Each structure stands twice: as structure tokens, then as C-alpha cells.
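Trainee: 3D, please:
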Amino acid sequence: MVWNPGIKGWQTFILAGRFVGATLLFVICCIFLCRINKGLKEGEIFPKSNISLIRWTALVAALLAFVHSNYDAVVKGESELMLDSNTILIPLIVLLFAGLYKMAYLAAKDSKLAI
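Mentor: Below you'll find the model as predicted:
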């Protein structure tokens, strides 16, 4: 790790973003799995509360993709900002899964009403 005094704040932000982002993603996954298990115990296949959780995951995924694309330059002490296509693509894919999850929730709700 090469600390560059001119970009020390940027380096700190990227390093902290990597740690915080990975920790948040792990916590979100644990919450998601706990809600799924709790929903299955209550007879609900797709808990509605997971929809917003998946949307928040898209925000965390955007942070992690941005940090990942700039991490190598920060470690070398270079002051360049990189935006990768993954910075936009990964959150869009996660939001797509949130939409699919919402459709599955609505379909399960509708089939429960039909019975």
C-alpha cells in the first residue's frame, strides 16, 4: 500500500468502502435468509419485506462495484478515478431480481387468494 498525501482521503474512502460494503452485503444476505426461513415457518414463500431489502442490496452492490474498480489504483497510490461498466450493470441486475421477486410475491399472494 502506497499512501499518497494528495489523495489520502480518497484512499481512505475506497478502503473503508470496501470493508463497509462487504460487511453490509454479508449482513443483508443473513437478514434475507432469516426472513426466508421465518416466512417458510409461517407458510409464506416470498416475504414482502425482502423486496425492499433486495433494492437496498442494489445500492450496496453499486458501492462495491465502484470501490472494486478503483481499488487497484488506490493501493498503488495513483490518483485516477475509474468507472467500470460493472458499476452500472451489477446494480441493474440486482434490481431486475428485485422486480422478479416482487412478481413472485404477487403471484404467490394471488394463488393463495384463489384457493
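
Trainee: Just the buried positions in stretch 83-92, please.
Mentor: 86-87, 90-91 (16 or more other Cβ atoms under 10 Å). No exception for glycine: its C-beta is placed from N, CA and C like everyone else's.

Trainee: what sits up against that stretch?
Mentor: When contacts are defined by Cβ atoms under 8 Å, 6 or more residues apart in numbering, stretch 83-92 is touched by residues 58-59, 61-62, 64-66, 68-69.

Trainee: again, only using 7 Å
Mentor: 58, 61-62, 65-66, 69 (Cβ atoms under 7 Å, 6 or more residues apart in numbering).

Trainee: with the residues you listed in mind, which one is nearest to residue 12?
Mentor: residue 66 (15.0 Å; Cβ to Cβ).

Trainee: what's near enough to touch that closest one?
Mentor: Counted by Cβ under 7 Å, 6+ apart, residue 66 has contacts residue 87.

Trainee: so where does it fall, helix or strand?
Mentor: Element membership of residue 66, judged by DSSP states H and E, is helix 49-76.

Trainee: Just after that helix, pick out the following helix or strand.
Mentor: Where DSSP H and E defines the elements, the next helix or strand beyond helix 49-76 is helix 86-114.

Trainee: so that following helix versus helix 49-76, what angle?
Mentor: Interaxial angle, helix 86-114 versus helix 49-76 (axes from the mean of the first three to the mean of the last three Cα atoms, to 10 degrees): 170 degrees.

Trainee: mind listing what's buried in the lowest-mean-pLDDT helix or strand in the chain?
Mentor: Within the chain, no helix or strand scores below helix 86-114, which has a mean of 92 by mean pLDDT, DSSP states H and E. Buried residues in helix 86-114, counted by 16+ other Cβ under 10 Å: 86-87, 90-91, 94-95, 98, 101-102, 105.

Trainee: Cool, thanks, signing off.
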